[in-house]
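Undergrad: Below: sequence and its predicted model.
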Amino acid sequence: MAGTTSVRRVINEEVMLNKKGYTLGLMLGEGSYAAVYSCQLSNNRGKCAIKIINRKKAPKDFLEKFLPREIKILSKVQHRNIVKCFEIFDTGTKVYMVLELAGHGDMLEYIKLRRSLTEEKARAFFRQMVDGIAYLHSLNAVHRDLKCENILLDASNTIKISDFGFARYMEPKDLSKTYCGSAAYAAPEILKGNMYNGKAYDVWSLGIILYIMVCGTMPFDDSNIKRMIKDQMDQRLCFTKRKELTLLFKDIVLAILQPSAERRLKVNDILNHPWMQDGCNFKQTPPSSQAGTSRSSNASSNRRSPPAHPPTPTPATSNLVESNRVSGNNNATTRSTPPLREDRSTESTSRFTQNLTRRSKKIEPGASAVASASQDSIHSPMPSRTTDVGRNTPRDGHRERARQGNTATRQTRNAP
């Protein structure tokens, strides 16, 4: 009898969707209280994705706080680099989100197939990501879960930022205390359990994505969170030795992955950085013989030929780029090169390398931990109320993931 009732519900749901012009296709992902399907539009108008959330199974805090935020933001945003939401309707027992279908997989899959991207290719993708986030920030909205898995590609390889489950509106001076995102992409202020600026958090995550695209590895080892925080605060980054990288690339990465949220680049600063400009010479590379310089090396041994367009010192990057020195002759100007900040540790590069075949770890809840990816607990000064959330790996390359509450991967959510 129960099976018959279930079949009736499915039939009724399909009839209702057909009346609205949608024909359900393959299931792309399923969780404990949501599922995502491919969907055919009537009159062969193309395909989309439809996310169906079961209100009866969804956690209370998700329904009362996170879902309304997601709906509010998705209903408003209109940008070519953000997944479009065509329609949202609520039947009382279920919420239906009709979304743009990005059918060419996500950025993690794209990188894995190629091991890493050239700086030029990475810049083309990164510009689109930053454009999308700059637009979001202009609305005083923040994403708070940026990672390679949430960066989708459509048929023309256009970037589509997805998964707004942790997105919210924040005034410029607002601070959040919600622990959310994935440990590997989390800024140090998040991992330390501090109140944080959501826009600065998004910028940090963008920096992690940029590093992964070009280097093909994770910049920090998230198997030990305490060690990871120390490495983040010390900016202990190992840039890959497998290929030569421009000083401008290293400069923008270090300026974005600035441990101080106040000194970290803003999205507009990123767009104006010399590495992001069309005139950037990606063939201008430093000698590979100096790739292994340790943190203890003196400044004179860290000199390299200046890049074609040396970074302009700004408040956000003044610690990375020395100011220009003008000689006594007004006609002779000598530019000093940025001090090297890469390969600060004498340890092997593999010490910092993470296997990109695995999906990123979620920030785990716990009585005394902000993230349990480490065996060492990190004390959280704020009480947490948690909701287990995970995502299956959907088929057909679509990554508008269904939320689920019974997997080992979890995200911590606090108010607000």
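TA: Noted; the coordinates are in hand. Residues are numbered from 1 along each chain as shown.
Undergrad: Okay, Leu63 and Met170: tell me how far apart.
TA: To Met170, Leu63 is 21 Å away according to Cβ to Cβ, to the nearest Å. C-beta: built from backbone N, CA, C; applies to glycine.
Undergrad: Go through the protein and flag its longest helix.
TA: helix 119-138 (DSSP state H).
Undergrad: List of residues touching that helix?
TA: Outside helix 119-138, the residues within contact range by Cβ atoms under 8 Å, 6 or more residues apart in numbering are 77, 79-82, 107, 117, 142-143, 146, 151, 158-159, 161, 167, 199, 202-203, 206, 209-210, 213-214, 245-246, 249, 267-268, 270-271, 275-276, 280, 282.
Undergrad: Narrow those residues to just the buried residues.
TA: Buried members of the contacts of helix 119-138, scored by 16 or more other Cβ atoms under 10 Å, are 77, 79, 81-82, 107, 117, 142-143, 146, 151, 159, 161, 167, 199, 202-203, 206, 209-210, 213-214, 245-246, 249, 267, 270, 275-276, 280, 282.
Undergrad: Show me these that map onto helices.
TA: Using DSSP H, the buried ones among the contacts of helix 119-138 in helices are Met107, Lys199, Asp202, Val203, Leu206, Ile209, Leu210, Met213, Val214, Phe249, Val267, Ile270.
Undergrad: can you list the residues you listed in a markdown table and add pLDDT and distance to Glu30?
TA: Converted to a markdown table, these look like this (pLDDT from 0 to 100; distance: Cβ to Cβ, whole Å):
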| residue | pLDDT | distance to Glu30 |
| --- | --- | --- |
| Met107 | 97 | 23 |
| Lys199 | 97 | 33 |
| Asp202 | 98 | 28 |
| Val203 | 99 | 33 |
| Leu206 | 99 | 30 |
| Ile209 | 99 | 27 |
| Leu210 | 98 | 32 |
| Met213 | 98 | 30 |
| Val214 | 97 | 34 |
| Phe249 | 96 | 40 |
| Val267 | 97 | 34 |
| Ile270 | 98 | 36 |
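Undergrad: would you turn those residues into CSV with distance to Tyr22?
TA: Below are these laid out as CSV (distance: Cβ to Cβ, whole Å):
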residue, distance to Tyr22
Met107, 28
Lys199, 35
Asp202, 32
Val203, 37
Leu206, 34
Ile209, 32
Leu210, 37
Met213, 35
Val214, 40
Phe249, 44
Val267, 35
Ile270, 38
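Undergrad: Mind picking the one among these that's closest to Arg45?
TA: Taking Cβ to Cβ as the measure, Arg45 lies nearest Met107 of these, at 27.8 Å.
Undergrad: Spit out the contact partners of the closest one.
TA: Phe125, Cys148, Glu149, Ile151, Leu152, Leu153, Ile159, Ile209, Met213.
Undergrad: Please apply the same query to Phe282.
TA: Phe282 makes contact with Thr118, Glu119, Glu120, Thr246 under the criterion Cβ under 8 Å, 6+ apart.
Undergrad: May I ask you to confirm that Gln232 is in contact with Ala261?
TA: No. The criterion here is Cβ atoms under 8 Å, and Gln232 misses it with Ala261 at 11.7 Å.
Undergrad: Show me the common contact partners of these two, please.
TA: In contact with both Gln232 and Ala261: Ala187, using Cβ under 8 Å, 6+ apart.
Undergrad: I figured Asp90 hits Leu67, correct?
TA: No. Using Cβ under 8 Å as the test, Asp90 is too far from Leu67 to be in contact (9.9 Å).
Undergrad: Residue ranges in the stretch 201-350 of the chain under the pLDDT threshold?
TA: Residue ranges of the stretch 201-350 of the chain with pLDDT under 70: 283-350.
Undergrad: Let me see the ranges of the helices in it.
TA: Remark: helices assigned in the stretch 201-350 of the chain by DSSP state H, counting those that start in this stretch are 225-234, 247-256, 267-272.
Undergrad: follow-up on the earlier one: for PyMOL, what selects the buried ones among the contacts of Phe282?
TA: A single PyMOL command suffices to select whichever of the contacts of Phe282 are buried according to 16+ other Cβ under 10 Å:
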select buried, resi 119+246
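Undergrad: Any chance of JSON lines for the contacts of Phe282, columns distance to Ile256?
TA: Formatted as JSON lines, the contacts of Phe282 follow (distance: Cβ to Cβ, whole Å):
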{"residue": "Thr118", "distance to Ile256": "19"}
{"residue": "Glu119", "distance to Ile256": "15"}
{"residue": "Glu120", "distance to Ile256": "18"}
{"residue": "Thr246", "distance to Ile256": "15"}
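Undergrad: Going by distance to Lys177, which of the contacts of Phe282 wins?
TA: Glu119 (36.7 Å).
Undergrad: Now do the strands in the stretch 1-150 of the chain.
TA: With strands called from DSSP state E, counting those that start in this stretch, the stretch 1-150 of the chain shows them at 22-30, 34-41, 47-54, 85-90, 94-99, 141-142.
Undergrad: between those strands, which gets nearest to Cys180?
TA: Of all those, strand 141-142 sits nearest to Cys180, with 10.4 Å by Cβ to Cβ.
Undergrad: Which neighbours in the sheet does that closest one have, and how are they oriented?
TA: Strands that pair with strand 141-142, judged by DSSP bridges, come out as strand 168-169 (antiparallel).
Undergrad: All set now, cheers.
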